[in-house]
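Enquirer: structure for this input, please:
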Amino acid sequence: MQLYSLTGVPPERQKVLVKGGQLKDDTDVKTLNFKPNQSIMMLGTAGELPKEPAVKPQFAEDMSDQQLAQVQQYPNGLINTGNTCYLNSTIQALRQVPELEQELKRYNGSMDVASGLRDLYRGMSSSTDAYLPIAFINTIRQRFPQFAERGNDGHFKQQDAEEAWSQILHAVGANLKDPQGSSSFVDKYFGGTFKTTLRNDETDAEPEKTGEESFVKLNCFISKDTNFLRDGLMEGLSEKIEKRSDVLDRNAQYTLTKKVDRLPKYLTVHFVRFFWKRDVGKKSKILRKVTFPMNYDATELCTPELRDKLVPAREKYREVEKEKVELQRAAKRAKFQELEGELSKDVNKEGQISESKKTEFQKQLAESVDPALREDPSVNSTGLYELIAVVTHAGASADSGHYQTYAKNDKEEGKWWRYNDDKVSLVGEDKVEALAGGGESDSALLLLYRAVSFTN
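Expert: Prediction:
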């Protein structure tokens, strides 16, 4: 018992080792010839024997989507109240714009779309559970009666997510005006401008007319020859129209061309997949596959004047990104060796760029930006964009089927959140790249691009 009091190991678990082996209960201690203060070894576990845990550990691959969401703190899903996936997907895509959420927090209005969206985001931020957006749904249906339309069965009809996106931005823009009332948050962060040129194709005697036109989204038109996003966007910048010519004193054909003169920080692209089919009385869907990039260079859409301002910063950005990759490759090659010289100051063995090198990169990039663009955080100063959200549609028409949103997870490279109403899951980038269309399965309807950041 003396050993137990000294060590806390119960006698039944004590193993005392002496010369020749383990000390047995019937061993005569006198035969061991112990000397004063001689050390002996005892093995054994103190306290209670380990017990099987009351709650068995559960591994990620064995968990349901709901369990994973709780453990990994997934963002909120939104509960579908009946054909409201078009609105849920729009809300989740807009939430990818943190500047909008911050602006809404400062807004003190009430009983309008902006305050409804503010309160919705506030409620979503207070919990990780799936959220019921019933108050915002009611606000939208009151403000825009087309979203309150019911079918013959008395239930609310499915609606077009692009229409919801456009109407919400229009209403929020009207609410979030600057103090002078000359422009709105939406105009600044989502809005761009075109320089337009109208030319009479049938005579040189009529001078060209130039003008300016604003936009909050670019349309990607889909024809039998459209295979890539670029094709559809370029097609949308030139169109033939017929109008009366005062010079010819008759109707004539004109060409209207557009060039972007201002690129917003957030660029929305709408795939024009739906058209009115009179014989069936619904918006039918163009199923053609149209590939879109994860990173997009919009400089080819711009006026020569804007392009000249963007190109130096664009090239510097690409140069910096190339240097980052080279540093990370060098670190990978030297992973099991010592990093030498300047390399050791710029990157560690895990490929992480040092803070001093990041600061140097940011300074180089900032200095390359045109002074006229540098002071405005709401514009794109390089012409380069990264994809951050995709609103998709599955089905054959706009008024049926199902809408979802895929949103970039900025905290984990190559991962995206998939918002399927109240179900939220994490997917790889390959799932997003597969949303180009080609059938009635999920295909991109809206793309949301964000100007590349100098601070990443």
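Enquirer: pull the longest strand from this structure.
Expert: strand 250-262 (DSSP state E).
Enquirer: what secondary structure does residue 31 sit in?
Expert: helix (DSSP: H, G, I helix; E, B strand; the rest coil).
Enquirer: and stretch 168-175, what's its mean pLDDT?
Expert: Per-residue pLDDT values over stretch 168-175 give a mean of 96.
Enquirer: oops, could you answer that again for stretch 282-291 instead?
Expert: 86.
Enquirer: please parse this protein into its domains.
Expert: Annotated domains of the chain cover 2-43, 71-302+383-456, 304-373 [automatic domain parsing].
Enquirer: export the ones you listed as a markdown table, with columns for mean neighbour count.
Expert: Where C-beta positions appear, they are placed from N, C-alpha and C, glycine not excepted. Listed next are these as a markdown table, based on neighbours: other C-beta atoms under 10 Å:
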| stretch | mean neighbour count |
| --- | --- |
| domain 2-43 | 10 |
| domain 71-302+383-456 | 17 |
| domain 304-373 | 14 |
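Enquirer: quick one: low-confidence parts of the stretch 201-350 of the chain?
Expert: For the stretch 201-350 of the chain, the stretches with pLDDT under 70 are 280, 333-350.
Enquirer: if you set the cut-off to 80 instead, what comes out?
Expert: In the predicted model of the stretch 201-350 of the chain, residues 276-283, 327-350 satisfy pLDDT under 80.
Enquirer: okay, strands next: where are they in it?
Expert: Remark: strands assigned in the stretch 201-350 of the chain by DSSP state E, counting those that start in this stretch are 209-215, 218-221, 238-245, 250-262, 266-272, 274-277, 282-285, 295-297.
Enquirer: about what we covered before: also compute the angle for the longest strand of the chain relative to strand 266-272, please.
Expert: Here the directions of strand 250-262 and strand 266-272 differ by 140 degrees (axes from the mean of the first three to the mean of the last three C-alpha atoms, to 10 degrees).
Enquirer: for strand 250-262, which outside residues touch it?
Expert: 191-203, 212-213, 236-245, 298, 301-303, 305-306, 379 (C-beta atoms under 8 Å, 6 or more residues apart in numbering).
Enquirer: that one relative to strand 238-245, how many degrees between them?
Expert: 140 degrees.
Enquirer: quick one: distance of strand 250-262 to the chain centre.
Expert: In terms of C-alpha atoms, centre = their mean, to the nearest Å, the centre of strand 250-262 is found 34 Å from the chain centre.
Enquirer: please save the CA atoms from that strand in CSV.
Expert: Only the C-alpha atoms of strand 250-262 are listed here, as CSV (Å, rounded to 0.1, in the frame of the first residue of the first chain):
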residue,chain,number,x,y,z
ARG,A,250,-36.7,57.7,-94.9
ASN,A,251,-36.0,54.8,-92.6
ALA,A,252,-32.5,53.5,-92.7
GLN,A,253,-30.3,50.9,-91.1
TYR,A,254,-27.9,52.1,-88.3
THR,A,255,-25.2,50.4,-86.3
LEU,A,256,-25.1,51.2,-82.6
THR,A,257,-21.7,50.3,-81.0
LYS,A,258,-20.9,50.5,-77.3
LYS,A,259,-17.6,50.6,-75.4
VAL,A,260,-17.3,50.6,-71.6
ASP,A,261,-16.1,53.9,-70.2
ARG,A,262,-16.4,52.9,-66.5
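Enquirer: now do the helices in the stretch 301-450 of the chain.
Expert: Per DSSP state H, counting those that start in this stretch, the stretch 301-450 of the chain carries helices over the ranges 304-333, 341-346, 355-368, 371-374, 429-433.
Enquirer: who wins for proximity to residue 284 among the ones you listed?
Expert: Of all the helices of the stretch 301-450 of the chain, helix 429-433 sits nearest to residue 284, with 25.2 Å by C-beta to C-beta.
Enquirer: report all helices and strands that the closest one contacts.
Expert: Other helices and strands packing on helix 429-433, by 3 or more C-beta pairs under 8 Å, 6 or more residues apart in numbering; DSSP states H and E, are strand 415-420.
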